[in-house]
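Engineer: quick one: sequence and predicted model below, then my questions.
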Amino acid sequence: TALGMLVGFVLSVVSAGTAHAISFAYVSASDDDAVKKIQLSNNTVVKTITVGDGPVGGCLTPNELFFYVPNFNDDTVSVISTTTDTVVATITVGDAPHSCAVTPDGSRVWVTNSAADTFDTIATATNTVAGAAVSVGAAPARLVISSAGTFAYISNANAGTVSVVNLTTRAVTATITVGG
């Protein structure tokens, strides 16, 4: 079933109200080429939003207004407005986008391209790719951005390494061998 293939729950919850109680989750349903909006108070899917082919995970902007979804099979990222629950942009990125993360200031989304061994950077103000793709290790998968917003850490699934990327220069500054 589609809900059996859900990915991205942890990074995609949306709060509501002044106390920031978590109200909704946006969850990729890869088999359905959709994102499911779940009302957390009663664990019910309240909206299905059609996105690209093979959505995987997703990342929410700090202001909780946009949810970015890598579409693994069609090399795009769908941008969903959490206000209207509609796709407001589709951005072409590298081959087989796998994961994304948003900078703490919300200005950039970083996307790993697992079949291209690269990452792309999306400028959120324009929803366009900012600069050329940057090479990292083999099959980059997950990434996290430091709380200070200075570095990204990208796991390279087929290399057994983590690439450390300076967010200002977009350059790999270190490669950590972790095995695998």
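Structural biologist: Arrived safely, thanks for sending.

Engineer: what sits against the residue nearest to the spatial centre of the chain?
Structural biologist: Centroid-nearest residue in the chain: C100, 2.6 Å away (criterion: C-alpha atoms, centre = their mean). By C-beta atoms under 8 Å, 6 or more residues apart in numbering, the contact set of C100 is 57-59, 68-70, 77, 109-112, 143. For the C-beta atoms, the positions are set from N, CA and C on the backbone; glycine is no exception.

Engineer: from those, pick the one nearest T83.
Structural biologist: Nearest to T83 among the contacts of C100 is Y68, at 14.9 Å by C-beta to C-beta.

Engineer: what sits against the closest one?
Structural biologist: 58-61, 77-80, 100, 102, 109, 111, 122.

Engineer: kindly recompute the last result at 6 Å.
Structural biologist: Y68 is in contact with 59, 77, 79, 100, 109, counting by C-beta atoms under 6 Å, 6 or more residues apart in numbering.

Engineer: those, buried ones only, as a ChimeraX selection?
Structural biologist: Selection of the buried residues among these in ChimeraX, burial being defined by 16 or more other C-beta atoms under 10 Å:
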select :59,77,79,100,109
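
Engineer: find the nearest non-adjacent residue to the residue nearest to the centre of the chain, please.
Structural biologist: In space, and not counting its chain neighbours, C100 is closest to C59: 4.3 Å by C-beta to C-beta, 6 or more residues apart in numbering.

Engineer: output the contacts of Y68 in a markdown table, with secondary structure and distance to I22 appended to each entry.
Structural biologist: Formatted as a markdown table, the contacts of Y68 follow (DSSP: H, G, I helix; E, B strand; the rest coil; distance: C-beta to C-beta, whole Å):
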| residue | secondary structure | distance to I22 |
| --- | --- | --- |
| C59 | strand | 16 |
| V77 | strand | 24 |
| V79 | strand | 21 |
| C100 | strand | 20 |
| V109 | strand | 21 |
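
Engineer: how near is A157 to G149?
Structural biologist: A157 sits 25 Å away from G149, going by C-beta to C-beta, to the nearest Å.
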